[in-house]
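> Generate a structure from the sequence data that follows.
(one chain, ligands or ions: 1)
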Amino acid sequence: MAKTFDHVEAFDFSQSFITAAQQIQSGEELKISIPVEGDISEEVSVVQEPGVDADVMSKVNFWQGDACALSEYAENKEGFSTYDGVVMANLLCRLPNPQACLSALPQIVNKGGVVVIVTPFTWLEEYTPKHLWLGGMNDPVSGQPMYSKDKLKEIMEANGFEKIHEEQMPLVIREHQRKYQYIISEATGWRKK
Ligand SMILES: C[S@@+](CC[C@H](N)C(=O)[O-])C[C@H]1O[C@@H](n2cnc3c(N)ncnc32)[C@H](O)[C@@H]1O
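Predicted structure coming up:
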């Protein structure tokens, strides 16, 4: 985002993710240990993608925050503003209240601004109480499946956004050198009317 926008506010609930991002941003080398097999691991260095130099990185402000508290930030947080672009990457189905996050978007997105939501809709009660899932269950009355992408569209349209893009976005998470999780997130783009 920092390659395209003048300024980026970037937050995550995990302080250790934020500390790691700030470490890379300050030019320090970040080393992590990755599993190879059994007890064996190896140390690797984290590097930036091409084209992300110190100048680009300096446009980002990293901080620990809660995506369910966007509304509070919009009202109270110093330096928090309204934005032309918002990216929520693989976040929605990790939130205790995804609807609270989506409902705050009209407050923080400028007219004509775009929200990109990337999510595999992996609903788990461990993260989101079932009554707050945005789909992923059968309608208790009709028994018909209620798909998350339909519910997301309904919520985003009610919040004043129109869908402008949809694509399938594969990603891979390494478990060890011979085992990977293959995930296909759905990426959708929404413009504020
Ligand atoms: C599946 S990971 C995705 C990480 C990263 N965004 C990506 O796409 O690679 C889910 C992330 O959501 C963060 N998260 C969970 N609850 C959150 C919340 N309430 N507010 C902000 N971030 C949250 C977690 O700390 C974790 O980094």
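
> residues in the chain within reach of the ligand, list them.
12, 13, 14, 17, 66, 67, 68, 89, 90, 91, 94, 95 (CB under 6 Å from any ligand atom). Using the backbone N, CA and C atoms, a C-beta is placed for each residue, glycine as well.

> Repeat the analysis, applying 8 Å as the threshold.
Within the chain, the positions near the ligand by CB under 8 Å from any ligand atom are 11-14, 17, 65-69, 89-91, 94-96, 101, 118, 127, 171.

> Now a PyMOL select for only the buried ones of those.
Buried residues within these, by 16 or more other CB atoms under 10 Å, are selected in PyMOL with:
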select buried, resi 11+12+65+67+68+69+90+91+94+95+101+118
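
> Output the least confident helix or strand in the chain by mean pLDDT as CSV, restricted to C-alpha atoms.
None of the helices or strands of the chain scores lower by mean pLDDT, DSSP states H and E than helix 70-76, at a mean of 91. Written as CSV, here are the backbone C-alpha positions of helix 70-76 (Å, rounded to 0.1, in the frame of the first residue of the first chain):
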residue,chain,number,x,y,z
LEU,A,70,-12.6,1.1,14.5
SER,A,71,-15.6,3.2,15.4
GLU,A,72,-13.9,4.3,18.7
TYR,A,73,-10.7,5.1,16.8
ALA,A,74,-12.6,7.2,14.3
GLU,A,75,-14.1,9.2,17.2
ASN,A,76,-11.2,9.4,19.7
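
> Which other helices and strands does the helix or strand hosting residue 36 contact?
Here residue 36, judged by DSSP states H and E, is contained in strand 30-37. Counting contacts by 3 or more CB pairs under 8 Å, 6 or more residues apart in numbering; DSSP states H and E, strand 30-37 packs against helix 15-25, strand 40-46, strand 161-176.

> could the ones you listed go into JSON lines alongside mean pLDDT?
Below are the helices and strands packed on strand 30-37 laid out as JSON lines (pLDDT from 0 to 100):
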{"stretch": "helix 15-25", "mean pLDDT": "96"}
{"stretch": "strand 40-46", "mean pLDDT": "97"}
{"stretch": "strand 161-176", "mean pLDDT": "98"}
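
> With that, I have no additional questions.
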